[in-house]
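> With the input below, show me the fold.
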Amino acid sequence: MQKSENLIYFDGESELEGLVCYPERSDVRKLPLVIISHPWLGIDDFVQALAQKIASLGYVAFAIDIYGKGIRGKEHSDGHRLKQPFLDNPELLLRRLRLGYEKAVSLDRVDTGKVSAIGHCFGGLCVLEMAKLETNLSSIISVHGVISEAKMSPTDYNCEKAFVINGAADPLVKPGALEELQEHLTRCNVDWTVINFGRGGHAFTNPKADGSVPGIKYDPDLDARTWAFVVESLRETLD
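Numbering: from 1, shown residues only. Take a look at the predicted model:
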């Protein structure tokens, strides 16, 4: 069974609380690392379950904390309130991403030569930004990420591979944003793959997305397809 624990780290005087999940027998050797950037409600049940699933594949999973210890949303409407300060202050967001990355790669049992990052929704935006900040990411996986807002850092992408899973009917992705991202990744010589689900809206992997907000609805079939692709992408990159 996987072992999970909360880890405290700091941004100045601000206390941050990440979540690390180790696979069974993780003490025997250095293991690849998968950094998780949380969606807009923070490190919630969705993130905890994702960390467990990733650890079951044999990787160390570390969910970074963008918002701060104890700052978590409960309702859908909380998401806008929680993420907006970081969209309004890109310097703060980028600093939190960098601090989370540094904490993750400092873990004793991590092979720092094999590091990937994954994020859903707001977290998908964040891993795209992390790929511009850090030079040692083997890959990033953005799942129904808010790619229209992924322009915080003006620098180029540094990751080796980028996997982007998008819903063609996502109301949070502006027209032309996906094409613009592809062009940017190409200019940066990133080995990129984009999957664009024709019937996918936003949050199609999140069972709590009940469709009460138009265009934001869970789709079990797309969720299953996404996870299969995530597993294959991690195996390709980290094994």
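
> From now on I want contacts and neighbour counts done on CA atoms only, so please keep to that.
Will do.

> all helices for the protein, in order.
Secondary structure of the chain (DSSP state H): helices at 45-56, 78-88, 90-105, 122-133, 177-187, 220-238.

> So which of these is the most surrounded?
helix 122-133 (a mean of 26; mean count of other Cα atoms under 10 Å).

> From the contact counts, what lies against that helix?
Helices and strands touching helix 122-133, by 3 or more Cα pairs under 8 Å, 6 or more residues apart in numbering; DSSP states H and E, are strand 31-37, helix 90-105, strand 110-120, strand 139-143.

> what angle sits between it and helix 90-105?
80 degrees (axes from the mean of the first three to the mean of the last three Cα atoms, to 10 degrees).

> Give me the angle between helix 122-133 and strand 110-120.
Relative orientation of helix 122-133 and strand 110-120, computed by the same axes, to 10 degrees: 130 degrees.

> Dump helix 122-133 to PDB, keeping only the CA atoms.
Provided in PDB are the C-alpha atoms of helix 122-133 (Å, rounded to 0.1, in the frame of the first residue of the first chain):
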ATOM      1  CA  PHE A 122      -5.900  25.500 -13.100                       C
ATOM      2  CA  GLY A 123      -3.100  22.900 -12.500                       C
ATOM      3  CA  GLY A 124      -2.900  22.400 -16.300                       C
ATOM      4  CA  LEU A 125      -2.100  26.100 -16.600                       C
ATOM      5  CA  CYS A 126       0.500  25.800 -13.900                       C
ATOM      6  CA  VAL A 127       2.400  22.900 -15.400                       C
ATOM      7  CA  LEU A 128       2.700  24.800 -18.600                       C
ATOM      8  CA  GLU A 129       4.200  27.700 -16.700                       C
ATOM      9  CA  MET A 130       6.500  25.300 -14.800                       C
ATOM     10  CA  ALA A 131       7.800  24.000 -18.100                       C
ATOM     11  CA  LYS A 132       9.100  27.500 -18.900                       C
ATOM     12  CA  LEU A 133      10.600  28.000 -15.400                       C
END
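
> ok and that helix relative to strand 31-37, angle-wise?
120 degrees.

> circling back: distance to residue 45 and mean pLDDT for the helices and strands packed on helix 122-133 - can I get that in JSON lines?
Output for these, formatted as JSON lines (distance: least, Cα to Cα, whole Å; pLDDT from 0 to 100):
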{"stretch": "strand 31-37", "distance to residue 45": "13", "mean pLDDT": "97"}
{"stretch": "helix 90-105", "distance to residue 45": "19", "mean pLDDT": "97"}
{"stretch": "strand 110-120", "distance to residue 45": "13", "mean pLDDT": "97"}
{"stretch": "strand 139-143", "distance to residue 45": "17", "mean pLDDT": "98"}
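
> what's the closest of these to residue 13?
Of all those, it is helix 90-105 that lies closest to residue 13, at 12.8 Å by Cα to Cα.

> just checking, what packs against that closest one?
strand 3-11, strand 31-37, strand 60-64, helix 78-88, helix 122-133.

> Redo those as JSON lines? Include distance to residue 112.
Formatted as JSON lines, the helices and strands packed on helix 90-105 follow (distance: least, Cα to Cα, whole Å):
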{"stretch": "strand 3-11", "distance to residue 112": "18"}
{"stretch": "strand 31-37", "distance to residue 112": "7"}
{"stretch": "strand 60-64", "distance to residue 112": "11"}
{"stretch": "helix 78-88", "distance to residue 112": "27"}
{"stretch": "helix 122-133", "distance to residue 112": "15"}
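
> returning to what we had before: out of the helices of the chain, which comes closest to residue 203?
Taking the helices of the chain one by one with Cα to Cα, helix 220-238 is closest: 9.4 Å.
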